[in-house]
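Visitor: only geometry, no sequence info:
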C-alpha cells in the first residue's frame, strides 16, 4: 500500500465514522481535523469516488499569469509550420495578431510542448567568419542562383532556376525564375534588378567561376557569371566583384535568404505550371520586402529599413527630418 492509498483509507475511515455516529463535529474532534476539510473530502468523494480523496498539489490548474491557450496555439503553429525561432515568432505575433509576448515566454512554451529544438536539417552550423553589413543601400548587391526541382503533371522532374539579388544594407530582394541557367539569363536579371531596385547599384558580388572571367570557355560553379556577364555589368557603370572560392559565407545574406525561401515558401508550394510559379513568387517577393519581419532590422521589414535609411540621410543638422 503506497502513500496515496493509505491517505484514501484514512479519509474513508473518517467519513464512515461520521456517518455511523451521525454527528460531523464529534467525528472531526475525534480525529483532529477541521470541518471544512471534512466537507471538502465528502464532496470530492461524492463527485469522483476514491480518486477525489487523493491529495492534489496546492496550486491552481492554470496559473493566472500563464499564456492563454489561444496564444500558445499560435506560437506552436508558427514553430511547426515555418520553423521560426522565438524572436521571429514574437515579431510575427506583434505585427499580424497585435499580441505582445516576450521571447523568453515563447521559449518556455516551446520547451513545454517539446518544440525547443528544430527538426534535423533545419539548424545550421556556425561559420567562423567576421560578419559585415553595409550602411548605404545599393553599395553591395549579393547575387546567386537557387536550383529548384519540381514534379510535373506526369510525374516528370522539372528543373527551374531562381535568380536572386539582395541588398546588403536593407535586405530588399528581387527574384526571377528562368528555365535555363545561362549567362544570358544572368544578364537579363541584372537589367531586371536595375529597374526593380529603388536605389542606385554600385557593386554586385557573385561566385567566382572556375577560371578568370576573361576566358571564354568556363565550366563549373558560378558559370552564369562569366566574361559576358562581367563586362555587361561593368559597362553599366556597376562594379562586379567575385567572392573567394569555397567561401559562400561571404555572400551569406543571399544564401540565408534562399533558406528562408525553402522553409517559408517552396515547402508550402505545389507546382502547377510556370505561370502560377511566377505569380506566387511575385507574391512571396512582395511579402518578403514589405511585410515579413527581418531579424537584421529587429522585426522591421526591408522597405521599412530602407525608409529609415533615407530619413537618416535627409536629416537636417538640428536632427529634424525634412521628410513629412
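Guide: Cool, the structure landed. Note that the structure is predicted; figures quoted are calculated from it, not measured.
Visitor: Can you pull out the low-pLDDT segments for the stretch 51-200 of the chain?
Guide: Scanning the stretch 51-200 of the chain with the threshold set as pLDDT under 70 gives 58-62, 120-134.
Visitor: what about the helices in it?
Guide: 69-82, 86-97, 103-112, 183-196 (DSSP state H, counting those that start in this stretch).
Visitor: quick one: residue 274 and residue 177 touch, right?
Guide: Yes - counting by C-beta atoms under 8 Å, residue 177 is a contact partner of residue 274 at 7.3 Å. In short, each C-beta sits where N, CA and C put it, glycine included.
Visitor: Now the common contact residues for these two.
Guide: The overlap between the contact sets of residue 274 and residue 177 (C-beta atoms under 8 Å, 6 or more residues apart in numbering) consists of residue 160.
Visitor: Reformat the helices of the stretch 51-200 of the chain as CSV; add mean neighbour count.
Guide: Output for those, formatted as CSV (neighbours: other C-beta atoms under 10 Å):
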stretch, mean neighbour count
helix 69-82, 15
helix 86-97, 18
helix 103-112, 17
helix 183-196, 17
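Visitor: And for residue 22, the neighbour number?
Guide: Neighbourhood size, residue 22 [other C-beta atoms under 10 Å]: 8.
Visitor: Which of the residues in the biggest helix by length in the chain are classified as buried?
Guide: Ordering each helix of the chain by length in residues (DSSP state H) puts helix 3-21 first. Across helix 3-21, burial judged by 16 or more other C-beta atoms under 10 Å covers 8, 11, 14, 15, 18.
Visitor: now stretch 250-268
Guide: 250-258, 261, 263-266.
Visitor: Keep only those of those residues that are in helices.
Guide: Using DSSP H, those in helices are 252, 253, 254, 255, 256, 257, 258, 261, 263, 264.
Visitor: What residue spans form the domains of this protein?
Guide: By the record's domain assignment, the chain is partitioned as 3-53, 69-112, 141-313 (automatic domain parsing).
Visitor: How far off centre is the first one?
Guide: Pointing back at domain 3-53 there. Centroid displacement of domain 3-53 relative to its chain, using C-alpha atoms, centre = their mean, to the nearest Å, is 55 Å.
Visitor: Give me the distance between the two termini of that domain.
Guide: 12 Å (C-alpha to C-alpha, to the nearest Å).
Visitor: can you count the residues close to residue 54?
Guide: So residue 54, with other C-beta under 10 Å, has 14 neighbours.
Visitor: Need the nearest residue in space to it, chain neighbours excluded.
Guide: residue 4 (5.1 Å; C-beta to C-beta, 6 or more residues apart in numbering).
Visitor: Residue 240 and residue 270, how far apart?
Guide: Distance, residue 240 to residue 270, using C-beta to C-beta, to the nearest Å: 37 Å.
Visitor: what about those two, which has more around it?
Guide: Shown here are residue 240 and residue 270; by other C-beta under 10 Å, residue 240 has more neighbours (19 against 8).
Visitor: so the more buried one touches residue 233, yeah?
Guide: Yes - Residue 240 is within contact range of residue 233, at 4.2 Å (criterion: C-beta under 8 Å).
Visitor: Tell me which residues are up against stretch 230-243.
Guide: Contacts to stretch 230-243, defined as C-beta under 8 Å, 6+ apart, come from residues 187, 190, 194, 201-209, 213, 222, 225, 229, 250-251.
Visitor: PyMOL command for the buried members of those residues?
Guide: In PyMOL syntax, the buried subset of the contacts of stretch 230-243 is picked out as below (16+ other C-beta under 10 Å):
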select buried, resi 187+190+194+201+203+204+205+206+207+208+209+213+222+225+229+250+251
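Visitor: Can you flag which of the contacts of stretch 230-243 belong to helices?
Guide: Secondary structure from DSSP H places 187, 190, 194, 229 of the contacts of stretch 230-243 in helices.
Visitor: Give me the neighbour count for residue 176.
Guide: Residues near residue 176, counting by other C-beta under 10 Å, number 19.
Visitor: Skipping adjacent residues, who's closest to it in space?
Guide: Closest residue in space to residue 176, ignoring its immediate chain neighbours: residue 163 at 5.2 Å, by C-beta to C-beta, 6+ apart.
Visitor: Look up how far residue 275 lies from residue 157.
Guide: 19 Å.
Visitor: Might you report the residue contacts of the residue lying closest to residue 39 once chain neighbours are set aside?
Guide: Nearest residue to residue 39 in three dimensions, chain neighbours excluded: residue 24, at 7.9 Å (C-beta to C-beta, 6+ apart). The contact partners of residue 24, by C-beta under 8 Å, 6+ apart, come to 18, 35, 38, 39.
Visitor: For the closest residue in space to the second one that isn't next to it in sequence, give me its contacts.
Guide: Pointing back at residue 35 there. With C-beta to C-beta, 6+ apart as the measure, residue 28 is the residue that lies nearest to residue 35, at 5.2 Å, once sequence neighbours are left out. Taking C-beta under 8 Å, 6+ apart, we find residue 28 in contact with 18, 34, 35, 38.
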